[in-house]
Structure formats: C-alpha cells, structure tokens
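Asker: Prediction below, plus the sequence it came from.
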Amino acid sequence: MILILGAVVFDLGIQASMIAHQSIVYGLDPTARSRLNALLLGTMFVGMSVGSALGSIALDRFGWRGVGVFGSVAAAAALLLHLRSHKG
C-alpha cells in the first residue's frame, strides 16, 4: 500500500513539475514555444535517464541505502541550484 501511495505521489510531483516548467518556457518567447518545449523535454529525458542509470549503479554497489542517499543528494543539489539562481 505504501509503495502504491508513494508511486502516485511521485507521479503527481512529476506532473506538477512539468506544468510549472512548461508555463515558464511558454512565457519566454511565444514565437519559439515548440523549440523551447522540445529542448525542455529533451533535457528532462536525458536528466531522467542519467539519474536512472546512476540510481541503478547506487543500488548495485550500496543497496537501497545508497539509492536513498543518492536521491537525497540529487534533491539537495537541485534545491541549491534553484536557490542560487533566484538570489537577489
């Protein structure tokens, strides 16, 4: 049950992130929406693929604890990048 709930919450988070990022991209340059959206989706695909590969390596070498640490470090790095880019 917890696994199903976690998967649903994770999927909702991904969908919310997608909507937020696309609204930012669509606000940049209305004449380049399709190109910017393609760049966004391509970058997200590559990022998710690399994350999946690194998560598999962490699972193989360190078990679930390694996957948890990797996910936490990746989330912290994303938060730091976000905060750094919005510095006033």
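Answerer: Okay, I see it.

Asker: Which stretches in the chain count as strands?
Answerer: Assigned by DSSP state E, the chain shows no strands.

Asker: Now do the helices in it.
Answerer: Per DSSP state H, the chain carries helices over the ranges 2-26, 33-85.

Asker: want to throw those helices into JSON lines with mean neighbour count?
Answerer: Yep, even glycine has a C-beta here, placed from its N, CA and C like the rest. As requested, these are exported to JSON lines (neighbours: other CB atoms under 10 Å):
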{"stretch": "helix 2-26", "mean neighbour count": "11"}
{"stretch": "helix 33-85", "mean neighbour count": "12"}
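
Asker: Include mean pLDDT when you put those helices into CSV, please.
Answerer: Shown next, in CSV, are the helices of the chain (pLDDT from 0 to 100):
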stretch, mean pLDDT
helix 2-26, 90
helix 33-85, 93
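
Asker: Can you pull the phi/psi pair for residue 29?
Answerer: When read as degrees, to the nearest 10, the backbone of residue 29 gives phi -150, psi 100.

Asker: Local confidence estimate at the residue of the chain most remote from its centre?
Answerer: Going by CA atoms, centre = their mean, the residue of the chain most distant from its centre is residue 31, 26.0 Å out. On pLDDT, residue 31 comes in at 90.

Asker: So it versus residue 24, what's the distance?
Answerer: 16 Å (CB to CB, to the nearest Å).

Asker: and what of residue 64?
Answerer: 34 Å.

Asker: Over to residue 60?
Answerer: Applying CB to CB, the value for residue 60 to residue 24 is 36 Å.

Asker: again, but for residue 46
Answerer: Per CB to CB, residue 46 is found 19 Å from residue 24.

Asker: same question, residue 83
Answerer: Distance, residue 83 to residue 24, by CB to CB: 16 Å.

Asker: do residue 18 as well
Answerer: Distance of residue 18 to residue 24, given as CB to CB: 11 Å.
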